[in-house]
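Participant: Structure for the following, please:
(one chain, ligands or ions: 1)
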Amino acid sequence: MRKKLIAGNWKMNKTINEALLFVNQLIPLVKDTDAEVVICPTSLCLSDVARAVTNTNIKIGAQNMYYKESGAFTGEISPRSLTEIGIEYVILGHSERRQYFKESNDDVNKKVISALNIGLMPILCVGETLEERASGKAFDIINKQMSECLQGIESLRLDGLVIAYEPIWAIGTGKTATKEDANEIIAYIRKLISEKLGGSIAENIRILYGGSVKSSNIKELMEMSDIDGALVGGASLDSVEFSEIVKY
Ligand code: 13P
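Facilitator: As a prediction, this is how the structure comes out:
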């Protein structure tokens, strides 16, 4: 049985004080949930938020990292500095990083390998644009992203690897993929994992849906056979709304 995972991606929102206020509200609201709860604040908030959730059931993820451990890479985030402060997850290849910061599948692949090597659990994001979907290319795009981003990982420890299917047209638009469409692509991702990494990893890996998830649509998404959780953007910024998603 795959444990459901609900992760909040705050993107570039909340100052340190706002983040601390949020977690102190969230802790009692989700303390009895069966799902795994992860929040991904901005990099500047990580340390304080990680400290604030010590001894709770909330885990912390970063939204990005560089693939080198250290060195002359001005402005980048070192994976080693993340593990040192107790960060467990890292979102990699989010469509906003691909779109605004020109991250390629090759860049994402290096980061996935680096994260797995250092013991961070990647939440690898894949997803198609509206034009790609309209022209019937969604499956091809997902296939390409999966194979290029996961190249050369076969020999690594993969227990923590998480995939998030986030159709770009559903992010921040209020348009959610239908539960059937989301499940179809997620089942396809699981089939790709099975072909590449074997049936047992495919059976155990968690694949999330992301894109306009809210407390009003989470339940129907979670009823689908292959959807193991959600990567939530806007609706993760409000502690009560996010707790309702967690406790769907
Ligand atoms: P929204 O939930 O705001 O659509 O964002 C989804 C997302 O990009 C999560 O990573």
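
Participant: Find the closest residue to the ligand in the protein.
Facilitator: Gly233 (2.2 Å; CB to the nearest ligand atom). In this view, the C-beta of every residue, glycine as well, is placed from N, C-alpha and C.

Participant: Pretty sure that residue sits against Thr173.
Facilitator: No: with contact defined as CB atoms under 8 Å, Gly233 does not count as touching Thr173 (10.5 Å).

Participant: residues in contact with the residue of the chain closest to the ligand?
Facilitator: Gly8, Asn9, Lys11, Ile171, Gly172, Gly210, Ser212, Val213 (CB atoms under 8 Å, 6 or more residues apart in numbering).

Participant: Doesn't the fifth one belong to a strand?
Facilitator: Which is Gly172. No: assignment of Gly172 by DSSP: H, G, I helix; E, B strand; the rest coil gives coil, placing it outside any strand.

Participant: Now the common contact residues for Gly233 and Thr173.
Facilitator: Common neighbours of Gly233 and Thr173 are listed as Ser212 (criterion: CB under 8 Å, 6+ apart).

Participant: quick one, helices of the chain?
Facilitator: Secondary structure of the chain by DSSP state H: the helices cover 16-30, 46-52, 79-84, 95-100, 105-118, 130-134, 138-149, 179-197, 199-204, 218-222, 239-246.

Participant: State the number of residues packed around Glu203.
Facilitator: Per other CB atoms under 10 Å, the neighbour tally for Glu203 reads 11.

Participant: what's near enough to touch it?
Facilitator: Neighbour list for Glu203: Ser194 [criterion: CB under 8 Å, 6+ apart].

Participant: Grab the most central residue of this structure for me.
Facilitator: Geometric centre of the chain, nearest residue: Ile123, 3.9 Å, by CA atoms, centre = their mean.

Participant: list the contacts for that one?
Facilitator: By CB under 8 Å, 6+ apart, the residues touching Ile123 are Ala7, Gly61, Tyr89, Val90, Ile91, Leu92, Val162, Ile163, Ala164, Leu208, Leu231.

Participant: All good on my end, thank you.
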